[in-house]
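> Here is a sequence with its predicted model. Questions after.
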Amino acid sequence: MQELTYNRLIHHSFSKTYQSFKETYNQLFDTSEIEDHQRAKILAIVVLFSNQSDKLLNKLAYRMALAYGLKTFDYKPLYDIAINTGLIPVVALLKQVNAFSVDNGMQDSFISNLMDSYVDNFRVHNIVHTEQQVALNGFFSQHSQDSATVVAPTSYGKSELIMSAIEYAKNKNICVLVPSKSLLAQTRKRILDAKIEWVSRIISHPEMCSNSEEPSVYVLTQERLTRLLNQYKTLTFDMVIVDEAHNILDKDGRNGPCK
């Protein structure tokens, strides 16, 4: 049997099926209550879509499970999807707000305690990561001495990755290159808030630099880095982290390539 995809679902040959799906889908977002037979249909669609390899159908299944939970206060379908797709922060949040307090005794049960322990495996500095974020951190740790490019969506944990890199590169000169002054200020604040034990100096402007050989973290725009290197010819870095690398060369060409 051919697997279902979103393109197949909206194809004209599936017009009746698609129309029926839309009617069911819209019930999640109107003001009417969902009857038992409608709940069964919605959950069947959620299970069907979540078990396909088509990413659009997977996203639809997640959205339907979320809307179903918000409307019925039954978050078990969302919980199951989150567990199966590695969205551990969602699992932790549902547990935190006692989403199962009115369920069938799951709260304080053996399975509940087991899942709490499982979630703790993804907790770093009291922040719960997804499976993919943990894998990303593992990859970076293994290649911390190599050149590596990390491409990930917004809010994927790249900032935490930078903090981890600084923490592990103890007593080394580290340069974090950012594309704008606003991001410079944000990055500097994150490093300060992280309270990394060995970091005593964060240099964000060439005038803050001296001939001291004390290991430091440099957070600089490309322009400031160029000025710094022109002023201190012998300055070297043990690690260079380029944040938002695609924005280093802006559209007006103001930032030239590093020499």
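Noted; the coordinates are in hand. Numbering: from 1, shown residues only.

> Just the pLDDT for the closest residue to Pro179 other than its chain neighbours.
Leaving aside its chain neighbours, Pro179 sits nearest to Asn247 (3.8 Å; criterion: Cβ to Cβ, 6 or more residues apart in numbering). C-beta here means a position set from N, CA and C on the backbone, and glycine is covered the same way. As predicted, Asn247 sits at a pLDDT of 74.

> Over to Val90?
At Val90, the model reports a pLDDT of 92.

> can you tell me the helix or strand for it?
helix 88-96 (DSSP states H and E).

> Pull out the buried residues from that helix.
For helix 88-96, burial by neighbour count (16 or more other Cβ atoms under 10 Å) applies to Ile88, Pro89, Val90, Val91, Ala92, Leu94, Lys95.

> Nearest to Lys71, out of those: which one, please.
Taking Cβ to Cβ as the measure, Lys71 lies nearest Leu94 of the buried residues of helix 88-96, at 15.6 Å.

> List the residues that contact the closest one.
Tyr75, Leu78, Tyr79, Ala82, Phe100 (Cβ atoms under 8 Å, 6 or more residues apart in numbering).

> Among these, which are located in strands?
Residues of the contacts of Leu94 located in strands (DSSP state E): none.

> Compare these and tell me which has the most neighbours.
Counting neighbours by other Cβ atoms under 10 Å, Leu78 leads those with 25 neighbours.

> if you skip the residues just before and after it, what's nearest to that residue?
Spatial nearest neighbour of Leu78, chain neighbours left out: Ala65 (4.2 Å); criterion: Cβ to Cβ, 6+ apart.

> ok, and what's touching the helix or strand containing the one you found?
Using DSSP H and E, Ala65 maps to helix 55-72. Applying Cβ under 8 Å, 6+ apart, the contact partners of helix 55-72 are 4-6, 9, 25, 28-29, 34, 39, 42-43, 45-50, 52, 74-75, 77-78, 80-81, 85, 99.

> Buried ones only from the residues you listed, please, as a PyMOL command.
Buried residues within the contacts of helix 55-72, by 16+ other Cβ under 10 Å, are selected in PyMOL with:
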select buried, resi 4+6+9+28+34+39+42+43+45+46+49+50+52+74+75+77+78+81+85+99
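
> Tell me which residues of stretch 213-225 come out buried.
Buried residues in stretch 213-225, counted by 16+ other Cβ under 10 Å: Pro215, Ser216, Val217, Tyr218, Val219, Leu220, Thr221, Gln222, Arg224, Leu225.
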